[in-house]
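1. starting from these lines, generate the structure:
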Amino acid sequence: MARRERVVRMSVEQPLWRALTAYRVLTLGYAGLLAGFGHAKYERPWVAVAFLAFLALWTLVTLPRVANAANCTKRFLGADLTVALTGILVTPLADFDAQHMDGPTLPSIWTAGSVLAFALKGGWRWAAFASTLVAVANIIERGEPSEDTFHNVVLVWVASIAIGYVVEVARASERTLARALEIEAATRERERLARDIHDSVLQVLAMVQRRGTALGGEAAELGRMAGEQEVALRTLVSSGLVPTTRVSEDSADGAVVRTVETDGTESPDSDLRALLARHAGARVTFSEPGAPVLLAAGAARELAAAVSAALDNVRVHAGPDAQAWILVEDEPDAVIVTVRDDGPGIPEGRLDQAEGEGRLGVALSIRGRLRDLGGTAELISVPGQGTEVELKVPKVSRGKAGSAR
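-> Numbers count the residues shown, from 1 in each chain. The predicted structure is shown next:
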């Protein structure tokens with residue numbers, strides 16, 4: 001039976017979108033009041049009435065568009081900014097004196113709401129783009145830049161960029177928090193699973209190992225195998241072969257939804273640790289990060305197969321008593337897996353000779369797989385000091401194996 005845990009947490013951006021919605025409505029009313037008090041001086045009052053009527057209709061109809069980031073599309077942002085710029089540029093048609101007396105434009109401070117929508121949606125770079133267009137429109141409307149115009153332009157520019165930067169910081173903090181919650185949930189589940197297994201399977205395996213060693217003979221071999229399985233099972237439990245946590249940050253209402261599943265289904269991203277932990281045993285030490293190491297499912301399988309091929313070479317060429325170590329490193333742009341052994345090493349020229357004889361284990365099983373993933377495989381071997389194979393795969397891999405993403 002699958003178990004599903006669903007945790008919903010309100011996005012830190014949602015209050016900002018609500019504030020923007022209220023701002024657009026309030027500034028619409030403010031623009032209407034300014035036009036009402038100043039209608040007597042308009043040379044063409046019908047221009048002001050027509051534009052403000054359209055602005056009121058546009059604002060009310062598009063309120064759902066500024067309710068959250070998902071609804072606020074690029075197309076809407078472009079149209080909304082066009083409305084604001086049009087209002088600025090048609091102001092002289094209604095009130096020619098506004099060009100020379102630094103009077104308010106028809107949309108007035110409603111224009112800032114359009115710029116703020118850019119800031120909330122795309123951060124400070126989008127805000128800088130939108131506020132620059134507004135600045136250009138204001139200068140064109142005035143005919144020449146005045147001190148008041150300059151102050152207003154700088155105010156909108158600085159405020160929108162600052163808000164955009166704050167939004168980007170908030171998003172980064174939210175992702176960090178979601179990641180921490182994900183790790184915490186996975187850790188708690190591993191601890192619970194470890195307790196259950198320790199109280200049952202691991203104790204039985206430990207007892208079989210002790211009794212087999214005490215009895216000797218074939219029972220000793222059985223005890224040795226039980227001991228190896230106990231080590232492997234302990235490694236699997238501690239390595240995160242437990243429910244996979246997935247975080248979605250783009251739900252329609254701005255909430256963050258975290259889902260934990262134990263039904264064994266494969267997600268688009270696979271935790272590489274779970275695929276490699278099965279190799280751990282008495283002679284193979286597995287070291288991995290505490291957090292999931294996510295790769296595209298196909299890339300993760302191919303990388304695990306390359307590690308398996310490297311361990312096969314250890315068993316065949318380094319001897320049955322050789323020790324091997326698997327180290328997984330999760331870097332920002334790549335995943336690195338190192339397989340090292342304490343065997344006799346590879347004599348110089350031996351790999352070229354093996355390829356010439358048709359034995360292509362390293363060339364195809366390891367290097368070929370990594371090449372298809374857009375990665376690299378480096379082999380370092382010193383006679384008498386063992387062999388080290390470093391496998392590096394980029395987070396966005398190429399080729400068929402990486403297309404699962």
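
2. residue 32: neighbour count?
-> 17 (other CB atoms under 10 Å). Placement of C-beta: from N, CA and C, glycine included.

3. what helices or strands is the helix or strand where it lies leaning on?
-> Assigned by DSSP states H and E, residue 32 falls within helix 14-38. Judged by 3 or more CB pairs under 8 Å, 6 or more residues apart in numbering; DSSP states H and E, helix 14-38 is in contact with helix 45-61, helix 110-122.

4. any chance of a markdown table for these, columns distance to residue 75 and mean neighbour count?
-> Below are the helices and strands packed on helix 14-38 laid out as a markdown table (distance: least, CB to CB, whole Å; neighbours: other CB atoms under 10 Å):
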| stretch | distance to residue 75 | mean neighbour count |
| --- | --- | --- |
| helix 45-61 | 14 | 16 |
| helix 110-122 | 12 | 25 |
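
5. quick one: mean pLDDT for the lengthiest helix in the chain?
-> In the chain, ranked by residue count with DSSP state H as the criterion, the top helix is helix 147-197. The average pLDDT for helix 147-197 rounds to 79.

6. buried sites along the next helix or strand after that helix?
-> Going down the chain from helix 147-197, the next helix or strand is helix 203-215, by DSSP H and E. Neighbour-count burial for helix 203-215, counted by 16 or more other CB atoms under 10 Å, picks out 205, 208-209, 212.

7. quick one on the thing from earlier: angle of the helix holding residue 32 against helix 110-122?
-> Here the directions of helix 14-38 and helix 110-122 differ by 170 degrees (axes from the mean of the first three to the mean of the last three CA atoms, to 10 degrees).

8. can you pull out the residues in contact with helix 14-38?
-> 48-49, 52, 55-56, 59-60, 63, 66-69, 72, 95, 103-104, 106-110, 112-113, 116-117, 120, 163, 167, 253-255 (CB atoms under 8 Å, 6 or more residues apart in numbering).

9. give the rounded mean pLDDT of it.
-> 88.

10. roughly how far is it from the heart of the chain?
-> 35 Å (CA atoms, centre = their mean, to the nearest Å).

11. same deal with stretch 380-397?
-> A distance of 28 Å separates the centroid of the chain from that of stretch 380-397, by CA atoms, centre = their mean.

12. would you mark the buried spots in it?
-> Buried residues in stretch 380-397, counted by 16+ other CB under 10 Å: 381, 386-395, 397.

13. any idea which of the helices and strands packed on helix 14-38 gets closest to residue 79?
-> Residue 79 lies closest, by CB to CB, to one member of those: helix 45-61, at 8.6 Å.

14. ok now the closest one, how far from the chain's centre?
-> With CA atoms, centre = their mean, you get 42 Å for helix 45-61.

15. and stretch 206-222, by the same measure?
-> Put simply, stretch 206-222 sits 49 Å off its chain's centre (CA atoms, centre = their mean).

16. restrict it to CA atoms and write it as PDB.
-> Extracted C-alpha coordinates of stretch 206-222, given in PDB (Å, rounded to 0.1, in the frame of the first residue of the first chain):
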ATOM      1  CA  ALA A 206      23.700 -11.000  13.100                       C
ATOM      2  CA  MET A 207      22.500 -14.100  15.000                       C
ATOM      3  CA  VAL A 208      23.100 -16.300  11.900                       C
ATOM      4  CA  GLN A 209      26.600 -14.800  11.500                       C
ATOM      5  CA  ARG A 210      27.500 -15.600  15.200                       C
ATOM      6  CA  ARG A 211      26.000 -19.100  15.200                       C
ATOM      7  CA  GLY A 212      27.600 -20.000  11.900                       C
ATOM      8  CA  THR A 213      31.000 -18.800  13.000                       C
ATOM      9  CA  ALA A 214      30.700 -20.800  16.200                       C
ATOM     10  CA  LEU A 215      29.600 -24.000  14.400                       C
ATOM     11  CA  GLY A 216      32.300 -23.800  11.700                       C
ATOM     12  CA  GLY A 217      32.400 -25.700   8.400                       C
ATOM     13  CA  GLU A 218      29.700 -24.900   5.900                       C
ATOM     14  CA  ALA A 219      27.800 -23.000   8.600                       C
ATOM     15  CA  ALA A 220      30.800 -20.600   8.900                       C
ATOM     16  CA  GLU A 221      30.500 -19.800   5.200                       C
ATOM     17  CA  LEU A 222      26.700 -19.300   5.700                       C
END
